[in-house]
Structures are given as structure tokens and as C-alpha cells.
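Trainee: Provided below are the primary sequence and the corresponding predicted coordinates.
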Amino acid sequence: MDKEILIDLVTKTMPFGKYKGRLLCDIPEPYLVWMHRQGFPEGKLGMWLSTLYEIRLNGLEEILYGLKKRYQK
């Protein structure tokens, strides 16, 4: 997995919708499941969200915790 994608997940925010302004890594799992069913958006945002979905699906959230602490301002 590309480290830059993981860093983006803990530094970039959701640009629209119910969770606008929230860090991508903080988006609740039910919303990610819903987006998975609807289809993720095109481009980088879709790639980030689908990666986050896979991380959550496989119970790997702990890989984001250390990065979030390191990159939080």
C-alpha cells in the first residue's frame, strides 16, 4: 500500500455531503458501506474512500492511528 495514500487519509477532509470537513479517516463505517453500494466517486477521492473502506473491512484501522497522531496539527 502506498504510504502517501495513508497520509492523505489522515490529512484530507471530505469535500461534500453529511461529513463535509471531517477527516477522511474519521468518516463512519456505515457511510463507507453506503458509498460502496452506491459507487465511490471518480478520481482521488474515490480511491481514498475505497482504500479506507478496505482498511475498515479488514480491521486494519490501527495503521491509521499512528499516522493521524503524527500528522495532526
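Mentor: Nice, I can see it. Since this is a predicted model, take the numbers as computed values, not measurements.

Trainee: so who does H36 touch?
Mentor: 50, 53 (CB atoms under 8 Å, 6 or more residues apart in numbering). Quick note: C-beta positions are derived from backbone N, CA and C, even for glycine.

Trainee: Then it would be within a strand, right?
Mentor: No: looking at H36 with DSSP: H, G, I helix; E, B strand; the rest coil, it is helix, so not inside a strand.

Trainee: And the pLDDT for G17?
Mentor: pLDDT recorded at G17 is 91.

Trainee: How many residues are close by it?
Mentor: 10 (other CB atoms under 10 Å).

Trainee: Could you look up the SS state of it?
Mentor: Classified using three-state DSSP, G17 is coil.

Trainee: And it, how far from I5?
Mentor: As for G17, its distance to I5 is 21 Å (criterion: CB to CB, to the nearest Å).

Trainee: Let me see the ranges of the strands in this protein.
Mentor: With strands called from DSSP state E, the chain shows none.

Trainee: biggest helix in it by residues?
Mentor: In the chain, with assignment by DSSP state H, the single longest helix is helix 43-57.

Trainee: next one: phi and psi at K18?
Mentor: phi -60, psi -30 (degrees, to the nearest 10).

Trainee: er, R22 I mean
Mentor: Per degrees, to the nearest 10, the backbone of R22 is at phi -90, psi 140.

Trainee: Quick check: it touching M14?
Mentor: Yes: judged on CB atoms under 8 Å, R22 makes contact with M14 at a distance of 5.3 Å.
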